[in-house]
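Visitor: 3D model of this:
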Amino acid sequence: MSSRDDATIRGRRGLAGAAAVLAGLTLGLAACGGSPASGGSTGQASLSGQTLTVFTQAPYGTQLKQYEQYYAYIASAFHAATGSTIKWDYTTSTESLSQAIENAAATGTGPDVFSVGSSFNGTVAATKAFYTLTPSDWAQVGGQSQIVPAMLTEAGSGNSSDVGVPFESIPFVMAYNKSLFAKAGITSAPTTWSQWIADGQAVQKADPAVDGASFSPSDPYGPWKPVWSYMEQLGGDFLTSPATADMDNPQLQAALQFYFAQDYQYHIVPPADLTWQGAQEESAFAAGKTAMLADSTYSLYQELAGTPVQQDVAFAPMPNVPYGMSSRPAGGHPAESIVSGNYYDVAKYYSNLALALKFIQVSTTPAAQLEQFTVMGWMPVTQAGIASVEKADPSMASFITAEENSTPTDFTPAWADIETGLLTVIGHIAQQLATGRPYSASYVMSQLQAENAVVQQHLTSS
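Guide: Numbers count the residues shown, from 1 in each chain. Alright, predicted model coming up:
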């Protein structure tokens, strides 16, 4: 990673703690039907004639058809390899994912395999309701050594404590319109947030019909990421220790203020964006109405094919120096992209671990990694997958670099509360501003304190 050695990464992963448990959740082993505690005892289970239920993201938005195409490909490849069938079970939000994890832990029933966002593996591990992968289990899916090292930082709290196997990565970068930049006399992408604001204002001065940037605070998934990045760059964190929440820290307050100041103070984001979701941001960018788009993924490149801006789009790392500064303060991290992607975690109540591992192995073959890149724009997580994708499209090198240099979020059982809490705060602030009320630091603090109490209760309940 660009600023943290492996020991530091492992320290952050260790936030989960050996004794951490998800508050209020217990797994009744009697309800698990005698499920084995590790992969070794399931090796003789049949791979054919079974139905494997996989809980994953519902097809949605501008990529609805692409999701359907990708799921059909994986289901077909799995059936060809095993003679078994996949039943997709869909989640539609962070909240529904959290509820499904909680239900699985509390009842010992539910989907067999969960597609879990990178930040949620701390929550999964704390339930004790999912398999901890043994060396033998890892061997069945190709081994840890095949995985991009950064992606392993969110697989578990340590090398021998992994609960998830990554199958896709979604590194985040900024997208910008080269034509609009050139019209404003800008020759390169901003590397600091001061430059980001200045470039946005310069674009608008050169062409009042466009906006310098955009955001989507009403999106149910994305807006916490740029706020997290800015907080990390200032040296803040959501936790001060594995057992202590710090959701009202000064750096997070400053990050929220800057995020919304793009609208009410610097005026590079229009007020209409306060009610936007991510698809609306991308549509405006595709129409040439926005110069810069934060936290973009490679799928945007695919979606822009055939649009007026296709030849004008370029990608670069996100800015990594806070506004008004020439360098990050002590303790600040680049945090240009979170370690982002999805992992397959297998519930302990599912007795045919061998079949679940075969599903994961099928999903991480070079062919599958190339397919998910081609269809979805998801980056590969294996070295062989990277080789196949780089051969198919050399232009994606900057995204692979972003993946390899990404920064992990806190590995903690309280992540669901942290992420949903921050999304709630962002949504409430946006609602206030959208109805004409001014940005209120005291209101923001009250919101953060309320969410901090929720996170703290989770951390201390065991």
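Visitor: In the helix or strand hosting Ser76, which of the residues would be classed as buried?
Guide: If you go by DSSP states H and E, Ser76 is part of helix 64-82. Going by neighbour count (16 or more other Cβ atoms under 10 Å), the buried part of helix 64-82 is Gln66, Tyr67, Tyr70, Tyr71, Tyr73, Ile74, Ala75, Ala77, Phe78, Thr82. To be clear about C-beta, it is placed using only N, CA and C from the backbone, and glycine gets the same treatment.
Visitor: tell me the phi and psi of Thr382?
Guide: Here is the backbone geometry of Thr382 (degrees, to the nearest 10): phi -110, psi 150.
Visitor: one step back: tell me which other helices or strands the helix holding Ser76 touches.
Guide: strand 51-57, strand 85-91, helix 353-363, helix 366-376 (3 or more Cβ pairs under 8 Å, 6 or more residues apart in numbering; DSSP states H and E).
Visitor: care to break the chain down by domain?
Guide: Domains of the chain are assigned by automatic domain parsing as 6-171+340-404, 173-336+414-460.
Visitor: In CSV: the ones you listed, plus mean pLDDT.
Guide: Compiled in CSV, these are given as follows (pLDDT from 0 to 100):
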stretch, mean pLDDT
domain 6-171+340-404, 83
domain 173-336+414-460, 96
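Visitor: surely Glu419 meets Thr94?
Guide: Yes - if you go by Cβ atoms under 8 Å, Glu419 and Thr94 touch, sitting 5.9 Å apart.
Visitor: So those two - more neighbours on which side?
Guide: Glu419 (24 against 19; other Cβ atoms under 10 Å).
Visitor: Now do the contacts for the more buried one.
Guide: Thr94, Ser119, Trp224 (Cβ atoms under 8 Å, 6 or more residues apart in numbering).
Visitor: Among those, which one sits closest to Asp248?
Guide: Of all these, Asp248 sits closest to Trp224, with 15.3 Å by Cβ to Cβ.
Visitor: My understanding was that the closest one contacts Thr424; is that so?
Guide: No - contact criterion Cβ under 8 Å: Trp224 and Thr424 do not qualify, at 9.9 Å.
Visitor: So which of those two has more stuff around it?
Guide: Trp224 (26 against 15).
Visitor: Helix or strand: which one has the nearest residue to the more buried one once chain neighbours are set aside?
Guide: Closest residue in space to Trp224, ignoring its immediate chain neighbours: Leu422 at 4.5 Å, by Cβ to Cβ, 6 or more residues apart in numbering. Element membership for Leu422, per DSSP H and E: helix 415-434.
Visitor: Tabulate the CA atom coordinates of that helix in CSV.
Guide: The C-alpha trace of helix 415-434 is given here as CSV (Å, rounded to 0.1, in the frame of the first residue of the first chain):
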residue,chain,number,x,y,z
TRP,A,415,-19.4,-1.7,10.7
ALA,A,416,-23.0,-2.0,9.8
ASP,A,417,-23.9,0.6,12.4
ILE,A,418,-21.1,2.9,11.3
GLU,A,419,-21.9,2.8,7.6
THR,A,420,-25.7,3.0,7.9
GLY,A,421,-25.3,5.7,10.6
LEU,A,422,-23.1,7.9,8.5
LEU,A,423,-25.5,7.4,5.5
THR,A,424,-28.3,8.5,7.8
VAL,A,425,-26.5,11.6,8.9
ILE,A,426,-25.6,12.6,5.3
GLY,A,427,-29.2,12.1,4.3
HIS,A,428,-30.6,14.2,7.1
ILE,A,429,-28.1,17.1,6.3
ALA,A,430,-29.1,16.9,2.6
GLN,A,431,-32.8,17.1,3.5
GLN,A,432,-32.2,20.2,5.6
LEU,A,433,-30.2,22.0,2.9
ALA,A,434,-32.7,21.0,0.2
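Visitor: Next secondary structure after that helix?
Guide: Counting by DSSP H and E, the next helix or strand C-terminal to helix 415-434 is helix 441-460.
Visitor: what packs against that next one?
Guide: strand 244-245, helix 250-264, helix 415-434.
Visitor: Including distance to Asn405, could the ones you listed go into CSV?
Guide: Below are the helices and strands packed on helix 441-460 laid out as CSV (distance: least, Cβ to Cβ, whole Å):
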stretch, distance to Asn405
strand 244-245, 28
helix 250-264, 21
helix 415-434, 22
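Visitor: Report how many residues lie close to Ala182.
Guide: 12.
Visitor: in what helix or strand does it lie?
Guide: Using DSSP H and E, Ala182 sits in helix 178-183.
Visitor: Tell me which residues of that helix come out buried.
Guide: Result for helix 178-183 [16+ other Cβ under 10 Å]: buried residues Lys178, Ser179, Leu180, Phe181.
Visitor: my guess is Phe114 is in a helix, correct?
Guide: No - with DSSP: H, G, I helix; E, B strand; the rest coil as the criterion, Phe114 is assigned strand and is not in a helix.
Visitor: Hmm, Gln99 and it touching each other?
Guide: No - applying Cβ under 8 Å, one finds Phe114 not in contact with Gln99, separated by 12.0 Å.
Visitor: if you count what's nearby, which of those two comes out ahead?
Guide: Phe114 (27 against 13).
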